[in-house]
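Asks: Give me a 3D structure for the following:
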Amino acid sequence: MNVRGMNFDGITNKVVFLYLFIVVCFAASMFFVQHNHSLYERPIAEITETKLIDSSETIDMKDNKDHLYNQSIVGELKNGKEKGQEILLENTFSASGTVDQEYRVGDDVFVLIEKKGSSSHLSGSIVELKRDTYILFVVWVFIVVLLLVGKKQGLFSIISLAVNALILSYGLDIYVHSEKISLLFISGISIILFTVISLLLINGSNEKTYAAIIATILGTFASLLITYTVMWLSSDNGLHYEEMQFLTRHYKTVFLAGLFIGSLGAVMDVAITMSSSIFGLYEEKPDISIKALKASGMEIGKDIMGTMTNILFFAYVSGSIPILVLYLKNGTPLFYTLSMNLSLELARALAGGIGIVLTIPIGLYISILLVQRKKARA
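Replies: Here you go, the predicted model:
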């Protein structure tokens, strides 16, 4: 039964239309990425037949055991001049799957066409799996969950994320094609834009948002300044930049820019939490004293400080777990393994932690200042 735009279960027609629109967009986008082979310059083949040729056991110098398997693969080229032709491929993969994988019928793979065999079939080798379908599916799961939980704010979060990604890609493109512009300058401008766009879209134009924007920018820049000062005074002692050895630009600048942007998320979260809490207390009880606001704000800051710092630590360190396991599995000493692979991650986590700690009092006092101005106007 519908009553003025409402259906029998209380869901508005707009919401139903939105759900249908999402389903149609999902189906259309998944269909597109499964048939977008012509947009790629590299040859792509769809695997039509696989056959296991043989297998063998291997043992390395550290007595690590693994199994190797050889696959004979037939694929059909989906783009390029040889579109529609069959190509013969071979693949060697291990049971551990560290740097390889088993391919199955239906997989799309990027291939390198090497030569023409004795028959009409082409032969070549597999470069990597075409993963855009899987990536798009995960993106849609993220979008749907964000919309279900955040609703309107979730939609604005998606929009701000897309805009910020475009800004970052544009800034990096400028840096790559110009050696005269500092990456730190580009990162600084980007951070200001990220902060303003994200907070205004998600929380609207109000004093709470303004307080969060100011606190985020001040906290992030203060964190970078302190980190840079410590690195300068210590001459980067203890930091290992080996993972950046292939960069053609100055690795320290790239590291600082990544650290700059990486700490923004946690700092922004703390800033909006502090401003929302202070303004929430004031709106709940307009006659609350400034002393009570400060005390409540500091208690809130203490509560979120530890959890946010831990989030940063685990986020950075988790990415190094595979290489840590690889080092330790091959008998590398623990201290050397940690120093070589975690020095930059720990520096990033510490820099972000500094930003979090600084943003708590900054966000608190800026919010209180705006609350006082609001009281004066009332």
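Asks: Could you use CA atoms for every contact and neighbour count after this?
Replies: Fine.
Asks: How many residues are close by Thr92?
Replies: Using other C-alpha atoms under 10 Å, Thr92 has 17 other residues around it.
Asks: How about the secondary structure of it?
Replies: Recorded secondary structure, Thr92: strand (DSSP: H, G, I helix; E, B strand; the rest coil).
Asks: That one and Ile354: what is the separation?
Replies: Using C-alpha to C-alpha, to the nearest Å, one obtains 47 Å as the distance from Thr92 to Ile354.
Asks: Next, the residues that contact stretch 46-57 from outside, please.
Replies: For stretch 46-57, contacts defined as C-alpha atoms under 8 Å, 6 or more residues apart in numbering pick out 65-78, 103-109.
Asks: So among those, which ones count as buried?
Replies: Using 16 or more other C-alpha atoms under 10 Å as the burial test, these include 69-71, 73-78, 103, 108-109 as buried.
Asks: Among those residues, name the ones in helices.
Replies: Among those, DSSP state H puts none in helices.
Asks: Can you name the two of the residues you listed that sit furthest apart?
Replies: Tyr69 and Lys78 (26.5 Å; C-alpha to C-alpha).
Asks: Give me the residues contacting stretch 78-90.
Replies: Where contact means C-alpha under 8 Å, 6+ apart, the residues beyond stretch 78-90 that reach it are 37-38, 40-41, 43-46, 70-77, 121-126.
Asks: quick one: which of the buried ones among the contacts of stretch 46-57 is nearest to Gly331?
Replies: Using C-alpha to C-alpha, the shortest approach to Gly331 within the buried ones among the contacts of stretch 46-57 belongs to Tyr69, at 25.9 Å.
Asks: need the helices for the stretch 101-250 of the chain, in chain order.
Replies: For the stretch 101-250 of the chain, the helices defined by DSSP state H, counting those that start in this stretch occupy 132-176, 183-203, 207-234.
Asks: Pick the most deeply packed of those.
Replies: Using mean count of other C-alpha atoms under 10 Å, the stretch among those with the greatest mean number of neighbours is helix 207-234 (a mean of 20).
Asks: I'd like the next helix or strand past it.
Replies: helix 251-262 (DSSP states H and E).
Asks: what angle separates the helix or strand following that following helix from helix 183-203?
Replies: The helix or strand immediately downstream of helix 251-262 is helix 264-284, counting by DSSP H and E. Using axes from the mean of the first three to the mean of the last three C-alpha atoms, to 10 degrees, the inter-axis angle of helix 264-284 relative to helix 183-203 is 40 degrees.
Asks: Rounded mean pLDDT for helix 264-284, please.
Replies: Rounded to a whole number, the mean pLDDT of helix 264-284 is 89.
Asks: Distance from the chain centre to the helix or strand following that helix, please.
Replies: The helix or strand immediately downstream of helix 264-284 is helix 290-318, counting by DSSP H and E. On the basis of C-alpha atoms, centre = their mean, to the nearest Å, helix 290-318 sits 22 Å off its chain's mean C-alpha point.
Asks: tell me which residues in whatever helix or strand comes next after helix 290-318 are buried?
Replies: The helix or strand immediately downstream of helix 290-318 is helix 321-329, counting by DSSP H and E. By neighbour count on 16+ other C-alpha under 10 Å, the buried set for helix 321-329 is 324, 327.
Asks: Can you list the helices and strands that helix 321-329 packs against?
Replies: Identification of packing neighbours for helix 321-329 by 3 or more C-alpha pairs under 8 Å, 6 or more residues apart in numbering; DSSP states H and E yields helix 334-377.
Asks: average model confidence for the helix it packs on?
Replies: Mean predicted confidence for helix 334-377 is 86.
Asks: And stretch 209-224, by the same measure?
Replies: In this model, stretch 209-224 has a mean pLDDT of 92.
Asks: Can I get that stretch in PDB? Just the C-alpha atoms.
Replies: The C-alpha coordinates for stretch 209-224 follow below in PDB (Å, rounded to 0.1, in the frame of the first residue of the first chain):
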ATOM      1  CA  THR A 209      33.400  22.100  10.400                       C
ATOM      2  CA  TYR A 210      35.400  25.300  10.400                       C
ATOM      3  CA  ALA A 211      37.000  24.300  13.700                       C
ATOM      4  CA  ALA A 212      37.800  20.900  12.400                       C
ATOM      5  CA  ILE A 213      39.400  22.300   9.200                       C
ATOM      6  CA  ILE A 214      41.600  24.700  11.100                       C
ATOM      7  CA  ALA A 215      42.700  22.000  13.600                       C
ATOM      8  CA  THR A 216      43.400  19.500  10.900                       C
ATOM      9  CA  ILE A 217      45.600  21.800   8.900                       C
ATOM     10  CA  LEU A 218      47.500  23.100  11.900                       C
ATOM     11  CA  GLY A 219      48.000  19.600  13.400                       C
ATOM     12  CA  THR A 220      49.200  18.100  10.100                       C
ATOM     13  CA  PHE A 221      51.600  20.900   9.300                       C
ATOM     14  CA  ALA A 222      52.900  21.000  12.900                       C
ATOM     15  CA  SER A 223      53.500  17.200  12.700                       C
ATOM     16  CA  LEU A 224      55.500  17.600   9.500                       C
END
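Asks: can you give me the end-to-end distance of stretch 114-128?
Replies: Stretch 114-128 has an end-to-end distance of 15 Å (C-alpha to C-alpha).
Asks: er, stretch 37-49 I mean
Replies: Using C-alpha to C-alpha, one end of stretch 37-49 lies 19 Å from the other.
Asks: how far out from the middle of the chain is that stretch?
Replies: Relative to its chain's centre, stretch 37-49 lies at 27 Å (C-alpha atoms, centre = their mean).
Asks: Can you pick out the ones from the contacts of stretch 46-57 that are in strands?
Replies: Assignment to strands by DSSP state E places the following of the contacts of stretch 46-57 there: 65-77, 108-109.
Asks: Noted, bye for now.
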